[in-house]
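Trainee: let me see the structure of the following:
(one chain, ligands or ions: 1)
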Amino acid sequence: MEEVVVQQALPLGNWDDLIGHQAERRRLVRGGAFASLLFSGPPGLGKRLLAAWYGAHVNCHQPGEGAPWSCDCPHCRLVLKNTHPDVYWMERAAGKLSLGVGEARELIHHLYLRPYQARSRVCIISEAERLTDEAQSALLKTLEEPPDSNLLILVCSQESRLLPTVQSRCRIHRFRPVEDAELIGWLEGKGCPADSAARYAGLAQGSPGKALQLWEQPALWEALEQLLDALGELPGSSLGRCLELAAKCETLKVPGLEGRALLEWILHSAQAYFRDVLLVQAGALHIIHRHRLKQLEQLAQKKSRVQDWLEVLRESQEYAEANVNVRLLLQDLFLKLRK
Ligand SMILES: [Zn+2]
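Mentor: As a prediction, this is how the structure comes out:
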């Protein structure tokens, strides 16, 4: 049990970091006594912090729905510090790719024990899309009717990987990207200069998690700039040069971001970049990489290729999700983008 149902090891941040999602938060607060919830939406939107916030809210001594949420009652304080005895996080163990049926059964068993001090015990399953089908089936009855005083929140970024029977037993809250203006204001509040904040918010595409990483990790932005240099050089380059560029990209280093997390950024950044090329072709003004306009204009002249490049990136995204070796993936990607 202790292996699976753990207090989350990563810090949650701060209630001040809970930005956007006003409509969904109001819907949550007014939503009544639904005991199984599904929080769905792209990674980095703050869904885990939102789940913690809702877990705090249902037990809070002086609940309100407003933002910023600054409650300092014992429940809210403990939830934020990850030390609340009645808020559990079911998370994948390091090095494991899925959450299995054994873990699901342990969790169910645990739900029948009485909460320590809270009105509602809150159990948050992170990355619910990683529950195996068997584990999802094992949870069906519990999701349908959790034992008294329990609230389950499934957090997932790929809703389609959940069984329809799981989806239908939860009240679904879909979270959408946060508005640029709100992201920019939030970053500025953290001391980020206005021009960088606009750039980071643009590339983050509505994800506070991504925007914060860019601001806190200058090496990340620099690495992505090197990637874009390589992408600009790639079309029509020699085979040797293409492989050199792929190798250079593979050896990019950003402290704190291991290979696969950096790969996600590389694919995200390249997609945003080629979408900018499309926007330049269409004469649109609102582009993310304004500081690279000249290079974008050059690429925009290769009209017929841009859609193909985006398609190639979508393929690479799928390979990345299927855990394909990073070197092979980058070589394949660069060879296709070279044509
Ligand atoms: Zn409170």
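Trainee: in three-state terms, how would the nearest residue to residue 127 once chain neighbours are set aside be classified?
Mentor: If the residues on either side of it in the chain are set aside, residue 127 comes closest to residue 92, at 6.0 Å by Cβ to Cβ, 6 or more residues apart in numbering. All C-beta spots, glycine's among them, are computed from the backbone N, C-alpha and C. With DSSP: H, G, I helix; E, B strand; the rest coil as the basis, residue 92 sits in coil.
Trainee: residue 92 contacts residue 128, doesn't it?
Mentor: No - with contact defined as Cβ atoms under 8 Å, residue 92 does not count as touching residue 128 (10.4 Å).
Trainee: neighbour count: the two, which is higher?
Mentor: residue 128 (27 against 17; other Cβ atoms under 10 Å).
Trainee: and the residue of the stretch 101-250 of the chain found nearest the ion, how far is that from residue 88?
Mentor: When Cβ to the ion is the measure, the stretch 101-250 of the chain has its nearest residue to the ion at residue 118, with 11.4 Å between them. When distances are taken as Cβ to Cβ, to the nearest Å, residue 118 and residue 88 turn out to be 11 Å apart.
Trainee: what do those two both touch?
Mentor: Contact with both residue 118 and residue 88 is made by no residue, according to Cβ atoms under 8 Å, 6 or more residues apart in numbering.
Trainee: what's the overlap in contacts for residue 92 and residue 128?
Mentor: With the criterion set as Cβ under 8 Å, 6+ apart, the overlap between the contacts of residue 92 and residue 128 is residue 99.
Trainee: follow-up on the earlier one: check contacts around the residue nearest to the residue of the stretch 101-250 of the chain closest to the ion when sequence neighbours are not counted.
Mentor: In space, and not counting its chain neighbours, residue 118 is closest to residue 86: 3.9 Å by Cβ to Cβ, 6+ apart. Residues in contact with residue 86 (Cβ under 8 Å, 6+ apart) are 59, 115, 116, 117, 118, 120, 121, 122.
Trainee: out of these, which sit inside strands?
Mentor: 121, 122 (DSSP state E).
Trainee: of the contacts of residue 86 - the most surrounded one?
Mentor: The most crowded member of the contacts of residue 86 is residue 121, carrying 27 neighbours; neighbours defined as other Cβ under 10 Å.
Trainee: that older thread, kindly reformat the contacts of residue 86 as CSV containing pLDDT.
Mentor: As requested, these are exported to CSV (pLDDT from 0 to 100):
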residue, pLDDT
59, 86
115, 82
116, 83
117, 79
118, 77
120, 86
121, 90
122, 91
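Trainee: which one of the contacts of residue 86 is nearest residue 43?
Mentor: Looking at those and their distance to residue 43, the nearest is residue 122, at 21.3 Å (Cβ to Cβ).
Trainee: host element of the residue nearest in space to the middle of the chain?
Mentor: Nearest residue to the geometric centre of the chain (Cα atoms, centre = their mean): residue 43, 1.5 Å. When secondary structure is defined using DSSP states H and E, no element contains residue 43, which sits outside every helix and strand.
Trainee: so which residues of the stretch 151-300 of the chain form helices?
Mentor: 164-167, 180-189, 194-204, 208-216, 218-233, 239-250, 259-281, 293-300 (DSSP state H, counting those that start in this stretch).
Trainee: typo on my end, the stretch 1-150 of the chain
Mentor: Assigned by DSSP H, counting those that start in this stretch, the stretch 1-150 of the chain shows helices spanning 22-29, 47-59, 74-80, 101-111, 133-144.
Trainee: so what's the residue count around residue 294?
Mentor: Burial of residue 294 is recorded as 9 neighbouring residues (other Cβ under 10 Å).
Trainee: residue 40 now?
Mentor: A count of neighbours around residue 40, defined by other Cβ under 10 Å, yields 23.
Trainee: so what's it up against?
Mentor: With Cβ under 8 Å, 6+ apart as the criterion, the residues that contact residue 40 are 47, 156, 157, 159, 172, 173, 174, 175.
Trainee: export those residues to CSV and tack on distance to the ion, pLDDT and neighbour count?
Mentor: Shown next, in CSV, are the contacts of residue 40 (distance: Cβ to the ion, whole Å; pLDDT from 0 to 100; neighbours: other Cβ atoms under 10 Å):
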residue, distance to the ion, pLDDT, neighbour count
47, 20, 94, 23
156, 26, 96, 23
157, 28, 93, 17
159, 30, 95, 17
172, 26, 95, 13
173, 21, 95, 22
174, 26, 96, 10
175, 22, 95, 21
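Trainee: and the stretch 1-150 of the chain, which residues reach the ion?
Mentor: In this structure, the stretch 1-150 of the chain approaches the ion at residues 60, 71, 73, 76, judged by Cβ under 5 Å from the ion.
Trainee: off-centre distance for stretch 249-264?
Mentor: With Cα atoms, centre = their mean, to the nearest Å as the basis, stretch 249-264 stands 16 Å off its chain's centre.
Trainee: could you do stretch 281-291 as well?
Mentor: Taking Cα atoms, centre = their mean, one finds stretch 281-291 lying 25 Å from the centre of the chain it belongs to.
Trainee: got it, and stretch 285-303?
Mentor: Here the centre of stretch 285-303 is set off from its chain's centre by 27 Å, with Cα atoms, centre = their mean.
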